[in-house]
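Peer 1: Mind looking at a prediction? Sequence and model below.
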Amino acid sequence: MNTSDIVKKLCEDQNISLAELARRTGQSRQNLYKKLRNETLGTEELNRIADALGVKFEQAFILSSGEKLTMEGERTK
């Protein structure tokens with residue numbers, strides 16, 4: 001599942017249209033659709049989307065040991 005699929009699934013689960021998500025994130029529907037189609041959503045954009053949907057977006061590096069280092073500096077196994 002790619003990033004666009006996840007965003008679409010989150011919207012579907014919350015009965016929110018992509019047009020409504022675009023409005024909540026302060027952009028045109030066409031602009032959001034283009035970013036989803038081209039997979040060009042950056043970290044800041046994904047954080048705005050997460051805020052609009054009431055979820056948390058998290059990035060992490062996964063070490064060979066399986067340990068996860070998040071961008072917030074958290075370490076988990």
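Peer 2: Happy to help now that I have it.
Peer 1: Which residue ranges of this protein form helices?
Peer 2: Counting by DSSP state H, the chain has helices at residues 3-13, 18-24, 29-38, 43-53.
Peer 1: ok now the third one, how far from the chain's centre?
Peer 2: Yep, that's helix 29-38 we're talking about. 13 Å (Cα atoms, centre = their mean, to the nearest Å).
Peer 1: Tell me the pLDDT of the residue nearest in space to the middle of the chain.
Peer 2: When Cα atoms, centre = their mean is applied to the chain, the residue found nearest the centroid is L46 (3.8 Å). Here the pLDDT value assigned to L46 is 95.
Peer 1: pretty sure it is touching S4, no?
Peer 2: No. L46 is beyond contact range of S4, at 10.9 Å (criterion: Cβ atoms under 8 Å). (Glycine included, C-beta is placed from N, CA and C.)
Peer 1: With S28 as the reference, measure out to F57.
Peer 2: Using Cβ to Cβ, to the nearest Å, we find F57 at a distance of 21 Å from S28.
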